[in-house]
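K.L.:
Mind folding the following:
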Amino acid sequence: MIRLTIDGQSIEVPEGTTVLQACEDLHIEIPVFCYHPRLPIAGNCRMCLVEVERAPKPVASCAMPVSDGMVVYTKSPMVEKARKGVLEFLLINHPLDCPICDQGGECDLQDITLNYSRGVSRFELNKRAVPEKYMGPLIKTMMNRCIHCTRCIRFANEIAGVPEVGTLHRGEHMEITTLESAVVSELSGNMIDICPVGALTNKPYAFHGRVWELKKTDGIDVLDAVGSNIRIDSRGNQVMRILPRLNEAVNEEWLSDRTRFACDGLTSQRLDQPYRRIDGKLIPCTWDEAFDHIRHTFSFLEGEEIAGLVGDLVDVESVYALRLLLDRLGSPHRDCRQDGALLPYENRVHYRFNTTIQGLEEADAILLIGTNPRHEAPLINARIRKRYMRGALSIGMIGDSTDLTYPYASIGTTLDALNSLIDGTHAFATALKTAFRPVVILGQSCFTRTDTLAFMTLVQKLLHTYPAFIQENTDTYWNGYNVLHTAAGRVGAMDVGFVPKNDGFSTNKILKSCQEGTIKAVYAYGVDEIEARAFGDAFVIYQGHHGDQGAHRADVILPGAAYTEKDALYVNTEGRVQRSYAAISPPGQAKVDWSIIRALSNVLECPLPFNTYTDLVAHLESAYSFMVDIDCVAPSLWSDLPTYRGVLDKMAFAYPIDNFYMTCPITRHSKTMAACVHEILNKGRSHDAVA
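P.N.:
Predicted coordinates for the structure are as follows:
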């Protein structure tokens, strides 16, 4: 430990700590522009200058490591004069357009100028003009405002792993640019957050609102299974934008572009009143008429003739309520895996991301099987890259080669590659054998194969071949077995038992029985990824928030709430229980989902044992104790995977996400996501074809 004195206060810090970090430990504010705690140090803005005793000139605190006996002053006349001088130089070419700047009200330059500047300008010449740069449909540029902090460049290079942003020229002629091409990254919107001025702003949100007009609500993202912590900014009954919230264990302070920019899809093609199908046409009706139609149909059915399916964006409370309703109707047929994935559900440890997202930073070998984390979970991919940047990490991949933003060993595309690791014939087997904390990540394509059951037996052999994957007899427990989900609602639904009961049918068997006529009614809650013809002639009740594929097939439509419109619990891919809050109200006659199911249970004469949301949560927590621990990952001891007999297939792994920008009803109805597909995805594919 090193002892130093800052503004008369003595402090001990570890060796390698910078003066700026030591000041932060003492809660001494140091103004910065180029410095960011998650980016490499640049030291080029000079705003963080401090005075160090016996130093001939002011020192950049962000780049100066502490030394024993160092004496630092952060409020001396020299420091104040230096800060005013730096700000004066920064403002020489900065336009005075704060009244029209989208960054106004949350601009670092604006705040720091108020607190540290001279207050007047001595510069009377014309300001430099820099043309706007094209960065795609998501980022709006106003490069006259740029102060060359290079945060965006460092983020693109270090965090996102896409070195598409750089500089041209030097000195006062320096410009940040992408060479007039869209930034092809799933994390590009984070450059807007870290820009300390208004040079990079949110293009879809531009000139739509001011920060002081917005109501801020804590929420959880449901557009992938990471469970990113978000802030929902709304005005009136409209979501204006989505921003990340800090959570070191999940998303740190980053957010994927799909989550950030798809919020305009929340207002398009919404279901705002019930419908029922009469003579082949969907006709608007009242809630009572919709419920009566369901009651009349169910009065002729036995429990074995009814099934329930839930989609990818559902909340835990509503799924739990639907499960109780199906139990009371006597139906054992239910499933939350609408893609037909044969995920083992007997034990939580078999379908979770057990290493945890933050735990990836401790791994020394990672094996990816049938997954493209860059598209399926961009923030988990960013964690892997973060670990790779520290060095001493081996990464192997079984699946089609793709750009993951970090190098990896391509082991193969079929299960023969997995066999080569088990028998030790592939070179990557050495990395697994010597690893202290190896990780295997299974994508959803592993569970939608025709040989999934046999595949799971092969995975069990891999875990036994390299026992470092599961270490239970050491001082620190390590579980390297991970399932990477793509559906936000799936882990929570499996946790509360929305899987086949006893001899009940799974998704594929339910759909087959619909076509055969043995299943006569299906309650489809948020099911939008199943083709309409798959339900055959069955009576379909669709509960959801968008007029997507599920609604088009329905015989009765019950309009529900989107994730921004309800208080709800979600469980992410690692089994972390998180709470989201309603930012706005559902449109029109739409209702919160659990209340729809509760009201319907009365009509069907099998009332559920709760009347309020508080009662429902209490009932849920009494049934599943781990639901009480918000923002925690409940530990669960490892048990061997179920083993099955079966024939292995030679088929290659096919990734579940082909179009990153459109994966659910919300994103499919987003104009911004449509622009991304047109300007980024399609152009990228055309470029690949030409290459």
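K.L.:
can you map out the strands along the stretch 101-250 of the chain?
P.N.:
139-141, 166-168, 175-177, 200-202, 215-220, 229-235, 238-244 (DSSP state E, counting those that start in this stretch).
K.L.:
Other residues contacting the first one?
P.N.:
For strand 139-141, the external contacting residues (Cβ atoms under 8 Å, 6 or more residues apart in numbering) are 102, 132-135, 183, 188-189, 191-192, 199-203, 206. To be clear about C-beta, it is placed using only N, CA and C from the backbone, and glycine gets the same treatment.
K.L.:
Which among those residues count as buried?
P.N.:
Listed as buried from these are 102, 133-135, 183, 188-189, 191-192, 199-203; burial here means 16 or more other Cβ atoms under 10 Å.
K.L.:
and those residues as a markdown table, adding pLDDT and distance to Glu361?
P.N.:
Formatted as a markdown table, the buried ones among the contacts of strand 139-141 follow (pLDDT from 0 to 100; distance: Cβ to Cβ, whole Å):
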| residue | pLDDT | distance to Glu361 |
| --- | --- | --- |
| Asp102 | 89 | 34 |
| Lys133 | 91 | 34 |
| Tyr134 | 92 | 35 |
| Met135 | 93 | 30 |
| Val183 | 91 | 26 |
| Ser188 | 95 | 23 |
| Gly189 | 96 | 23 |
| Met191 | 97 | 23 |
| Ile192 | 96 | 25 |
| Ala199 | 95 | 31 |
| Leu200 | 95 | 28 |
| Thr201 | 95 | 31 |
| Asn202 | 96 | 30 |
| Lys203 | 95 | 33 |
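K.L.:
mind putting the residues you listed in JSON lines, distance to Leu20 included?
P.N.:
Converted to JSON lines, the buried ones among the contacts of strand 139-141 look like this (distance: Cβ to Cβ, whole Å):
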{"residue": "Asp102", "distance to Leu20": "29"}
{"residue": "Lys133", "distance to Leu20": "30"}
{"residue": "Tyr134", "distance to Leu20": "35"}
{"residue": "Met135", "distance to Leu20": "30"}
{"residue": "Val183", "distance to Leu20": "29"}
{"residue": "Ser188", "distance to Leu20": "27"}
{"residue": "Gly189", "distance to Leu20": "27"}
{"residue": "Met191", "distance to Leu20": "22"}
{"residue": "Ile192", "distance to Leu20": "24"}
{"residue": "Ala199", "distance to Leu20": "23"}
{"residue": "Leu200", "distance to Leu20": "24"}
{"residue": "Thr201", "distance to Leu20": "27"}
{"residue": "Asn202", "distance to Leu20": "29"}
{"residue": "Lys203", "distance to Leu20": "33"}
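K.L.:
Return the subset of these lying in helices.
P.N.:
Among these, the ones falling in helices (DSSP state H) are 191-192.
K.L.:
which residues touch Ile176?
P.N.:
133, 143, 146, 148, 150, 152-153, 165-167, 199.
K.L.:
What is the nearest of the residues you listed to Leu458?
P.N.:
Leu458 has its nearest neighbour among the contacts of Ile176 in Val165, at 42.4 Å by Cβ to Cβ.
K.L.:
hang on, that closest one packs against Cys152?
P.N.:
Yes. Using Cβ atoms under 8 Å, Val165 makes contact with Cys152 at a distance of 5.4 Å.
K.L.:
quick one: terminal-to-terminal distance for stretch 67-87?
P.N.:
End-to-end span of stretch 67-87 (Cα to Cα, to the nearest Å): 28 Å.
K.L.:
do the same with stretch 303-323
P.N.:
Termini of stretch 303-323 sit 13 Å apart (Cα to Cα).
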